[in-house]
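Participant: quick check, what structure comes out for this input:
(one chain, ligands or ions: 1)
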Amino acid sequence: MKKIKEQPFIKSLFFLITLSVISCGGVPETTISEEKAFSVEEVLEMVSTQNDITRTLYTKAIVDKGKAQGMRFDEDWRKDRIEAGPLPALFLRGISNSIRRGPVPLGLYLGSDFPVNNANKFEGKQSALFEKIKKDQKPQFFYDESQQLHTAMFADIAVANACVTCHNEHSQTAKTDWKLGDVMGATTWQYPKDSLSYKDAIDVLNAYSKGTIDIYIEYLNEVAEFKESEKPIIGERWPEEGNYLPTAEVFLDSVNKLSSYQTLKILVGDK
Ligand code: HEC
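Facilitator: Residues are numbered from 1 along each chain as shown. You can find the predicted model right below:
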């Protein structure tokens, strides 16, 4: 197993805070790492930002650009005879499955009112809140009594042409006139506690990053098994430049670079 990189800037921020507390003769390090530092809403907002960036990067830089190079992306990408990568929704499901297998109690789902896959159709409370999200694109937070989980929903927007064309043309689609910029669905996130320590918050973000690495490596493993298609060269370069795919580390580094500024803004309360 490759070692997963952690969020470098959050770590350094954490150490800076710890250092300054210790040097001022304040509480020892263990206390601050256990102190309740964030509300569940703040942390779910941070991980949702990370998800938006990961999803956009995967869709635009891998799927969109890869298709232009002749790479394929398919619902049945795991099947042996299909030489393709995961669709964006299945990439996200891969992340969600990886999180579920790990120790962090974070739930992640992608739903819609007009889904391609009927299993992804919102019901009950989530369906009502999704109506609001479609109007103002603002996140919705609530406590799900039946599951006893803090729940947050964030708009999932058609950020790339690939989102719109693939859904409109899909044989099972419930809607054929999606446009760029539409709220196509929402990601739903769940967490059991109402506040998190720095460590809990970093665990949540790292679980998401690990999920990204896990599903991305599964994709690269599929590519390694290609027999008929030309295998992309895996390294530093991206599909934009030709038949290339970045390694999992290169992909995650880009996500981290793109998300650190956004997450920092949330951390300092300037969203
Ligand atoms: C190449 C095809 C393709 C592309 C590109 C694509 N999707 Fe999907 N999307 C699907 C399929 C197929 C599913 C159903 C997957 C499953 O079985 O759960 C899906 C699922 C979803 C869902 C869950 C509800 C549903 O429709 O089942 C949302 C929301 C969604 N996609 C939004 C997007 C957005 C936003 C983008 C661009 C960032 C995007 N999709 C890109 C094919 C695509």
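
Participant: switch to C-alpha atoms for all contacts and neighbour counts from now on
Facilitator: Noted.

Participant: where does the one residue sitting closest to the centre of the chain land on pLDDT?
Facilitator: Per C-alpha atoms, centre = their mean, the C-alpha nearest to the average position across the chain is that of Asn51, at 2.7 Å. Turning to Asn51, the model gives it a pLDDT of 95.

Participant: with Ser259 instead?
Facilitator: 83.

Participant: what about it, neighbour count?
Facilitator: Per other C-alpha atoms under 10 Å, the neighbour tally for Ser259 reads 20.

Participant: equivalent analysis for Trp189, please.
Facilitator: 23.

Participant: each with direction, which strands does the helix or strand encompassing it pair with?
Facilitator: Using DSSP states H and E, Trp189 sits in strand 183-191. Sheet pairing of strand 183-191 (DSSP bridges) gives strand 107-111 (antiparallel), strand 149-157 (antiparallel).

Participant: other residues contacting the first one?
Facilitator: When you say that, I think you mean strand 107-111. Contacts to strand 107-111, defined as C-alpha atoms under 8 Å, 6 or more residues apart in numbering, come from residues 89, 93, 96, 99-100, 120-122, 185-191.

Participant: of those residues, closest to the ligand?
Facilitator: Gly185 (3.7 Å; C-alpha to the nearest ligand atom).

Participant: for the ligand, see how far away the residue nearest to the closest one when sequence neighbours are not counted is.
Facilitator: Distances taken as C-alpha to C-alpha, 6 or more residues apart in numbering place Ser112 nearest to Gly185, at 4.1 Å, with adjacent residues excluded. With distances taken as C-alpha to the nearest ligand atom, to the nearest Å, Ser112 is found 5 Å from the ligand.

Participant: ditto for Asn221
Facilitator: In terms of C-alpha to the nearest ligand atom, Asn221 sits 20 Å off from the ligand.

Participant: about what we covered before: who are the contact partners of the residue nearest to Gly185?
Facilitator: 120-122, 184-186.

Participant: so which of those reach the ligand?
Facilitator: When contact is defined as C-alpha under 6 Å from any ligand atom, the contacts of Ser112 meet the ligand at 120, 184-186.

Participant: three-state assignment of the residue of the stretch 1-150 of the chain found nearest the ligand?
Facilitator: Using C-alpha to the nearest ligand atom, the closest approach of the stretch 1-150 of the chain to the ligand is made by Pro115 at 3.2 Å. Classification of Pro115 by DSSP: H, G, I helix; E, B strand; the rest coil places it in coil.

Participant: you'd agree it is up against Lys121?
Facilitator: Yes - counting by C-alpha atoms under 8 Å, Pro115 touches Lys121, with 5.9 Å between them.

Participant: more crowded one of the two?
Facilitator: Pro115 (19 against 16).

Participant: what's the distance between the more buried one and His170?
Facilitator: Distance from Pro115 to His170, counting by C-alpha to C-alpha, to the nearest Å: 10 Å.

Participant: over to Gly124?
Facilitator: Distance from Gly124 to His170, by C-alpha to C-alpha: 26 Å.

Participant: can you list the residues of this protein near the ligand?
Facilitator: Counting by C-alpha under 6 Å from any ligand atom, the residues of the chain that sit close to the ligand are 56, 59, 73, 75, 87-89, 110-112, 115-117, 120, 156-160, 162-163, 166-167, 184-186.

Participant: that older thread, list the contacts for the residue nearest to the centre of the chain?
Facilitator: Taking C-alpha under 8 Å, 6+ apart as the contact definition, Asn51 lies against Tyr208.

Participant: how does it look with 10 Å?
Facilitator: The neighbours of Asn51, taking C-alpha atoms under 10 Å, 6 or more residues apart in numbering as the test, are 45, 57, 92, 95, 187, 205, 208-209, 212, 255, 259.

Participant: what segments of the chain are helices?
Facilitator: 8-23, 29-34, 40-57, 65-68, 88-101, 124-136, 161-169, 198-224, 248-267 (DSSP state H).

Participant: least confident of the ones you listed, on average?
Facilitator: Among the helices of the chain, helix 8-23 carries the lowest mean pLDDT (a mean of 46).

Participant: spatially nearest residue to Leu258, not counting backbone neighbours?
Facilitator: Nearest one to Leu258, counting by C-alpha to C-alpha, 6+ apart, is Ile53 at 7.0 Å.
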